[in-house]
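Undergrad: Sequence and predicted model, in that order:
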Amino acid sequence: MKKVKRYLRGSGRFFAFVFIASVIWLLFDMAALRLSINDANSQLLKERVIQERELFRQKSKKSEMIMKRFKSPVASNEEDEVKKRWDEGHFNVYLSDQIPIDRGMPDVRPEGCAQKRVHDNLPSTSVIFCFVDEVWSTLLRSVHSVLNRSPPHLIEEIILVDDFSTREYLKEPLDKYMSQFPKVRILRLKERQGLIRARLAGAAVAKGKVLTFLDSHVECNVGWLEPLLERVCLDRKKVPCPVIDVISDKDMRGVFKWPLVFGWSLMSPDCLFIYFCFGLYRCPVMAGGLFSIDKNYFFELGTYDRGLDVWGGENMEISFKIWMCGGEIEIIPCSRVGHIFRGQNPYKFPKDRQKTVERNLARVAEVWLDEYKDIFYVNNLITPG
Ligand SMILES: [Mn+2]
């Protein structure tokens, strides 16, 4: 006892006080966290997972039959049709049109995601899809996957930004089709703006507390939204991205290579450490197509650079801004969104594609890379200015 008392003299007393205060603080924190997690929401998600499995069982048969037919040698007339329609979207449009727009999907989340509890006070989000001349069936499948696989109270609205499409079915027929869904709004741009400014037009009218940007040729899987919103809810400067299925998610994270080209790379040991502790990957840069961000934080960052044209470099720009302005980019393994990867951009660039992308990248390098911009120019072989 005397020994203990000796330790509690002088600075020992101070450390004992700090220790006890920290323990009490930790207990309070844990109690608060426990209170903020509501069983009702977790129950809701569990029920949806069961429904999804049932839907998958019922609807996947048809999709599987169609897919199987395409894996085996298809009839020559079908092959002709596939080729004929390929250029409409630079993927198998003929096949896409035959697959149900609300097909079931297997739950591909890692084990443990289904058991995770969901926060009670998640913010609602505006989901923003930008498109130009998107294929009808893929656009609809993207929208239906959000409507069917998100808790309605977390979806403030779905904003479809039409970047001056030319295809007739994307005009009145699309308006008519979407009028059945009160949460879906269509925003028509008066002239071609490109992905970057189209996203900004969507963000400008969005009402949700969080913005979720998605490509218009995706399929969201069960439970995709909650883990993204949870990260933003915990820290408004976190910018979570779902795992983009098709790409191996096991050990990959987004990185950039010179000259500012996006790629996937194996995780370094420090990243693996974070993954094992927190169940998420931190990335230097995002792929760009799919992410959630707190709306106010997006505007605080100065949104995207409006001077970037059409497509290219915007993912680098927003990523550098996020990391350099106190934020973090994370990939959340429990959130899964499938995406059609196409060999090339299916739409036209108003000017030369390569020049547009190069100009965008140079702009990003000039603004954000300081002395490292030289590495960019050396690798890109374009002259500054
Ligand atoms: Mn895409």
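TA: Yes, it's here. Since this is a predicted model, take the numbers as computed values, not measurements.

Undergrad: okay, CA-based contacts and neighbour counts for the rest of this
TA: OK.

Undergrad: Quick one: end-to-end distance for stretch 110-122.
TA: Terminal residues of stretch 110-122 are spaced 22 Å apart (C-alpha to C-alpha, to the nearest Å).

Undergrad: For that stretch, buried residues please.
TA: Under the neighbour-count criterion of 16 or more other C-alpha atoms under 10 Å, stretch 110-122 has 114, 117-119, 122 buried.

Undergrad: just how off-centre is it within its chain?
TA: Averaging C-alpha positions (C-alpha atoms, centre = their mean, to the nearest Å) puts stretch 110-122 18 Å from its chain's average.

Undergrad: Give me the three-state assignment for Pro100.
TA: coil (DSSP: H, G, I helix; E, B strand; the rest coil).

Undergrad: ok, so what distance separates it from Thr138?
TA: 10 Å.

Undergrad: Between these two, which is the more surrounded one?
TA: With neighbours defined as other C-alpha atoms under 10 Å, Pro100 and Thr138 compare such that Thr138 has more, 21 against 15.

Undergrad: okay but the more buried one is in contact with Ser216, surely?
TA: Yes. The pair Thr138 / Ser216 is scored as a contact, 7.1 Å apart, by C-alpha atoms under 8 Å.

Undergrad: okay, Ser42: pLDDT?
TA: Listed pLDDT for Ser42 reads 74.

Undergrad: The one 4 residues further on too?
TA: Per-residue confidence for Lys46 comes out at a pLDDT of 78.

Undergrad: quick one, phi psi at the residue lying closest to it once chain neighbours are set aside?
TA: With sequence-adjacent residues excluded and distances taken as C-alpha to C-alpha, 6 or more residues apart in numbering, Lys46 is closest to Ala114, at 7.0 Å. Backbone dihedrals for Ala114, given as degrees, to the nearest 10, come out at phi -70, psi -20.

Undergrad: what about Ala114, distance to Asp107?
TA: 9 Å.

Undergrad: can you pull the contacts of the closest residue to Gly313 other than its chain neighbours?
TA: Distances taken as C-alpha to C-alpha, 6+ apart put Leu361 closest to Gly313, at 5.1 Å, once the chain neighbours are dropped. Going by C-alpha atoms under 8 Å, 6 or more residues apart in numbering, Leu361 touches 260, 312-313.

Undergrad: Buried ones in the helix or strand harbouring Leu361, by neighbour count?
TA: Assigned by DSSP states H and E, Leu361 belongs to helix 353-368. Residues 356-366, 368 are the ones in helix 353-368 that count as buried (16+ other C-alpha under 10 Å).

Undergrad: Of the contacts of Leu361, which belong to helices?
TA: Among those, no member falls in helices (criterion: DSSP state H).

Undergrad: Can you tell me which of those is nearest Ala16?
TA: Leu260 (51.4 Å; C-alpha to C-alpha).

Undergrad: if I look at the closest one, how far off is Lys355?
TA: 15 Å.

Undergrad: Also Leu26?
TA: For Leu26 relative to Lys355 (C-alpha to C-alpha), the value is 55 Å.

Undergrad: try Ile293
TA: 30 Å.

Undergrad: same thing with Ile340?
TA: Distance from Ile340 to Lys355, by C-alpha to C-alpha: 25 Å.

Undergrad: likewise Glu156?
TA: 38 Å.

Undergrad: shaky segments in the stretch 201-350 of the chain?
TA: 247-253, 259 (pLDDT under 70).

Undergrad: Let me see the ranges of the helices in it.
TA: Applying DSSP state H, counting those that start in this stretch to the stretch 201-350 of the chain gives helices spanning 225-234, 269-278, 295-300, 314-324.

Undergrad: Doesn't Lys84 lie inside a helix?
TA: Yes. Judged by three-state DSSP, Lys84 forms part of a helix.

Undergrad: could you say what helices and strands the strand ranked longest in the chain packs with?
TA: Scanning the chain for the strand with the most residues, using DSSP state E, yields strand 328-339. Counting contacts by 3 or more C-alpha pairs under 8 Å, 6 or more residues apart in numbering; DSSP states H and E, strand 328-339 is packed against strand 218-220, helix 225-234, strand 238-245, strand 281-282, helix 314-324.

Undergrad: Centre of the chain to the last one, how far?
TA: What it means is helix 314-324. Distance, centroid of helix 314-324 to centroid of chain: 15 Å (C-alpha atoms, centre = their mean).

Undergrad: Kindly report the same for the first one.
TA: Between the centre of strand 218-220 and the centre of its host chain there is 10 Å, according to C-alpha atoms, centre = their mean.
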